[in-house]
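Q: here is my input; please provide its structure:
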Amino acid sequence: MSPTTIAIALLIVVALYIWFLYNGLVTAKMRVKEAWSGIDVQLRRRASLIPNLVEAVKGYAKHEKSVFENVTKARSAMLGAKDPKAAAKADNMLTDALKTIFAVAENYPQLKASENFKELQQELSDTETKVAAARQFYNTNVLEFNTKIKIFPNIFIANMLNFEPEIFFEAEETARKEVNVKF
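A: Residues are numbered from 1 along each chain as shown. The predicted structure follows:
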């Protein structure tokens with residue numbers, strides 16, 4: 001083989017490597033976006049259940065105004081979140097607010113026995129399970145993408161093509177602690 005043939009073959013191999021790598025990175029990036037949309041759908045589903053839950057509890061606990069205000073603020077933050085970091089922060093706020101609402105409900109046996117409240121509780125529980133699954137799916141895709149752009153020799157090409165690491169959907173440190181609700 002002539003040196004020209006070897007050089008051309010080597011160039012073709014490098015070009016194919018870059019092509020396949022680029023396509024692999026784009027595919028991984030799209031999986032991250034798809035996974036994020038799954039989280040977004042479930043968080044919005046949960047946020048849409050909140051007004052019904054608040055109304056059900058309001059009828060029994062009219063004097064718990066600050067609880068309802070906190071839930072409303074957290075829900076607004078959730079609906080306004082534009083990226084995983086903001087959504088995680090809003091999600092943690094909303095989770096804390098919901099814990100407080102359920103703690104308030106514990107003080108009202110008639111509310112706990114209400115069929116409407118039970119259904120809302122079940123819907124929220126189902127949604128929480130779906131949110132957890134969506135988070136796991138998202139974080140798995142982020143891990144795969146971030147690994148692809150950080151390993152050698154991909155890192156050089158990923159940097160040249162401006163692929164940036166994605167952010168994991170993580171709980172804040174305060175959300176990891178056990179919550180004690182006292183009245």
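
Q: count the residues that sit near Asn92.
A: Applying other C-beta atoms under 10 Å, we find 19 residues neighbouring Asn92. For glycine as for every other residue, the C-beta is placed from the backbone atoms N, C-alpha and C.

Q: and if you look at the one 3 residues further on?
A: Around Thr95 there are 17 other residues, counting by other C-beta under 10 Å.

Q: what helix or strand is it located in?
A: In this assignment (DSSP states H and E), Thr95 forms part of helix 84-106.

Q: buried residues in that helix?
A: The neighbour-count check on helix 84-106 (16 or more other C-beta atoms under 10 Å) flags 84, 87-98, 100-105 as buried.

Q: which neighbouring elements make contact with that helix?
A: Using 3 or more C-beta pairs under 8 Å, 6 or more residues apart in numbering; DSSP states H and E as the contact test, the elements touching helix 84-106 are helix 3-58, helix 65-80, helix 109-113, helix 115-150, helix 173-176.

Q: so how far is the third one from its chain's centroid?
A: Taking C-alpha atoms, centre = their mean, to the nearest Å, the mean C-alpha location of helix 109-113 is offset from the chain mean by 32 Å.

Q: now do the fourth one
A: Between the centre of helix 115-150 and the centre of its chain there are 7 Å (C-alpha atoms, centre = their mean).

Q: quick one: average pLDDT of it?
A: If you average the pLDDT over helix 115-150, you get 89.

Q: thought Ile149 was touching Glu166?
A: No - in this structure, Ile149 is not within contact of Glu166 by C-beta atoms under 8 Å, at 9.2 Å.

Q: mind checking which of these two has more residues around it?
A: Higher neighbour count among Ile149 and Glu166: Glu166, with 23 against 20, using other C-beta under 10 Å.

Q: which non-adjacent residue is nearest the more buried one?
A: Using C-beta to C-beta, 6 or more residues apart in numbering and skipping residues adjacent in sequence, the residue nearest Glu166 is Val142, 4.5 Å away.

Q: do the same with Thr100
A: In space, and not counting its chain neighbours, Thr100 is closest to Val67: 5.3 Å by C-beta to C-beta, 6+ apart.

Q: perfect, I'm done here.
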